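Engineer: Here is my input, please return the structure:
(chains A and B)
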Amino acid sequence: GAVVSQHPSWVICKSGTSVKIECRSLDFQATTMFWYRQFPKQSLMLMATSNEGSKATYEQGVEKDKFLINHASLTLSTLTVTSAHPEDSSFYICSAGGGVWRNQPQHFGDGTRLSIL
Amino acid sequence: AQTVTQSQPEMSVQEAETVTLSCTYDTSESNYYLFWYKQPPSRQMILVIRQEAYKQQNATENRFSVNFQKAAKSFSLKISDSQLGDTAMYFCAFMTPEGGSEKLVFGKGTKLTVNP
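Structural biologist: Purely as a prediction, here's the structure:
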């Protein structure tokens, strides 16, 4: 099956720094990638949808300037949490779909645990 | 807007027994897909089973099967012969290809514990 690699799996950094999370589709071209945020014991909350070569579509309430998403190629999307603060601490998960996987289940990365001190 | 409701925050079952997790959804779309995802403590999202709305036959995957009631907008998951490794959060999810976004809408999840 399709593999989605997410890196890093865990990051701890100081308040005020920016953190970049990468999401790669390893064996297929993902025309669409999704970024989710998950708080402890809660469900996944969609933050944004990114399509290769175009601007991401953010869900209502998600700060575009805080969470920068770039989908520069069919195999890579990045999420940058800018000027991170403790309230940004969370579990972030990406998924990939589209292309030959259109109308198929999304393929999820293993997630990134972000801790802001 | 589509919504997905999982009314059981937590459930438990004895090993080797059968358990059913409930899920209801609301949509005005006619073409859509339904999924059950499993999230074990490792937090990896694992697809358990999928159902296309246009198919009347209920999907099955080994010990996992669904009861899809389209008119009632119900999509329950039955786990037979429960195993300790089935302990996880289970999320019901809805997707429609309409509009081209293919966004997944998740329920709040059910925490399943399989007891030895």
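Engineer: burial count for B:L77?
Structural biologist: 24 (other CB atoms under 10 Å in any protein chain shown). Every residue, glycine included, has its C-beta placed from N, CA and C.
Engineer: what does B:F68 give?
Structural biologist: By other CB under 10 Å, 20 other residues sit near B:F68.
Engineer: do you know how far it is from A:M47?
Structural biologist: Separation of B:F68 from A:M47 (CB to CB, to the nearest Å): 29 Å.
Engineer: ok, which residues in chain A are in contact with chain B?
Structural biologist: A:32, A:34, A:38, A:41-44, A:46, A:49, A:57, A:91, A:93, A:95, A:97-98, A:102-103, A:105-106, A:108, A:110-111 (CB under 8 Å from any CB of the partner chain).
Engineer: which of these count as buried?
Structural biologist: Buried members of the residues of chain A next to chain B, counted by 16 or more other CB atoms under 10 Å in any protein chain shown: A:32, A:34, A:38, A:43-44, A:46, A:49, A:91, A:93, A:95, A:97-98, A:105-106, A:108, A:111.
Engineer: Widest-spaced pair of the residues you listed?
Structural biologist: A:F91 and A:G98 (23.6 Å; CB to CB).
Engineer: So out of everything in chain A, what residue is nearest chain B?
Structural biologist: A:F108 (3.9 Å; CB to the nearest CB).
Engineer: would A:W35 count as being in a helix?
Structural biologist: No. According to DSSP: H, G, I helix; E, B strand; the rest coil, A:W35 belongs to no helix; its state is strand.
Engineer: who's in contact with it?
Structural biologist: A:23, A:46-50, A:67, A:69, A:77, A:79, A:92-94 (CB atoms under 8 Å, 6 or more residues apart in numbering or on different chains).
Engineer: Could you tell me which residues of chain B lie near chain A?
Structural biologist: So chain B meets chain A at B:33, B:35, B:42-45, B:47, B:50, B:91, B:97, B:101-104, B:106-109, B:111 (CB under 8 Å from any CB).
Engineer: Out of those, list just those in strands.
Structural biologist: B:33, B:35, B:47, B:50, B:91, B:104, B:106, B:111 (DSSP state E).
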